[in-house]
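Asks: A structural model of the following input is requested.
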Amino acid sequence: MAMHEGYIHICQYKGNQVLRFSASSLSYLSTTARMTGSEDSPEGIAFSKGCLYVASASAGHIRHFVPHADGKSFVPTSQYLSASINLGTCPQASRCLQVPWGMVTGPDGNLYVAMDDEFEDPDDALASTSGHIMVGLLGPEGELVSLRPFCGLLENLARPSGLCFDDQGNLYVTCMTSRIVQYSGPLADTPGQLMRVAAHWALPGEERGQGPNKPWDVRWHKGIEGIGGKGESLLVVTRHAGKWRRCGSNVAIFSAVDGRLLKQLKFKQEHARHLRQTNMILID
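Replies: This next block holds a predicted model:
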């Protein structure tokens, strides 16, 4: 999910498209973009410099879209960016031939992409901890220039997917060892440095990292009234590790200051189905 020009844009994985919704009523308005390939199922989207970028794990690339003349939709260009090119700065090149999952626009206007070693089930991802975060550098017109490592290579992240920045420019990343990890952002003196484990996801009675529900997406919020005072918050939605389609049935709100669990929301089945289709978190 991504906000752009006051509208909510959501990946529809099975429909191979990106949909546009009203931010006030949450009603469906139109199709933002359609994927052209049968394997171009969108996992992550981001907007920057007036363009749309779509990450597809199954196809293993990021695709560039430009605005259509109708002012509402975007059309694909011929430009793709694959994780298997432009990796001269990667310290372990064999570790960087990976596929994209989540994606977010950074405070510098570039794309920050959660990568994992291959398109595989989450059960396997728990045993394979070779994920990290890469930065997609953009040209002056929004063209994709290169994809380079940014952070997480030393931490061996397990299936990183959710990404967000706070108002200080720090980056938060979810991974399937139940951690939400914080890194210094691209405008910091030392970009991409591990700062801390900002929060752990664990349901009552579960050991951290051992339960079936794994963090899948995260959003930072300046503070939600009535929950944990006025401190900064992290909203985290989960995906079931053993059931690929069972995600979004739990949302947790953590303090972004000390990692305390402030509130947990468990959705009814009909609401969980909706979240499974979108993997989205809405914050007003």
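Asks: what lines up beside the helix or strand hosting Ala55 in the sheet?
Replies: Element membership for Ala55, per DSSP states H and E: strand 51-56. Here strand 51-56 is paired, per DSSP bridges, with strand 44-48 (antiparallel), strand 61-67 (antiparallel).
Asks: check the offset of it from the chain's centre.
Replies: Remark: strand 51-56 is offset 12 Å from the chain centroid, using C-alpha atoms, centre = their mean, to the nearest Å.
Asks: with stretch 250-265 instead?
Replies: On C-alpha atoms, centre = their mean, the centre of stretch 250-265 falls 18 Å from the chain's centre.
Asks: which residues does the closest residue to Leu265 other than its chain neighbours form beta bridges with?
Replies: The shortest distance from Leu265 to any non-neighbouring residue, by C-beta to C-beta, 6 or more residues apart in numbering, is to Val251 (4.4 Å). C-beta coordinates here come from the backbone N, C-alpha and C atoms, glycine included. Residues in a beta bridge with Val251, per DSSP bridges, are Val237, Leu265.
Asks: report how many residues lie close to Val251.
Replies: Per other C-beta atoms under 10 Å, the neighbour tally for Val251 reads 17.
Asks: right, and Pro76 touches Phe65 too?
Replies: Yes - using C-beta atoms under 8 Å, Pro76 is in contact with Phe65, at 5.3 Å.
Asks: who touches both of the two?
Replies: Common contact partners of Pro76 and Phe65 (C-beta atoms under 8 Å, 6 or more residues apart in numbering): Ala33.
Asks: who has more neighbours, the two?
Replies: Neighbours were counted for Pro76 and for Phe65 using other C-beta under 10 Å; Phe65 has more, 23 against 18.
Asks: the closest residue to Asp166 other than its chain neighbours: helix or strand, and which one exactly?
Replies: Take Asp166 and drop its neighbours on the chain: the residue closest to it by C-beta to C-beta, 6+ apart is Trp220, 4.4 Å away. Per DSSP H and E: Trp220 is located in strand 213-221.
Asks: alpha carbons of that strand, as CSV, please.
Replies: The C-alpha trace of strand 213-221 is given here as CSV (Å, rounded to 0.1, in the frame of the first residue of the first chain):
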residue,chain,number,x,y,z
ASN,A,213,2.4,-15.3,13.1
LYS,A,214,5.3,-13.4,11.7
PRO,A,215,5.6,-9.6,11.1
TRP,A,216,4.9,-8.8,7.5
ASP,A,217,4.3,-5.1,7.3
VAL,A,218,5.0,-2.1,9.5
ARG,A,219,4.0,1.6,9.7
TRP,A,220,5.4,4.3,11.9
HIS,A,221,2.9,6.8,13.5
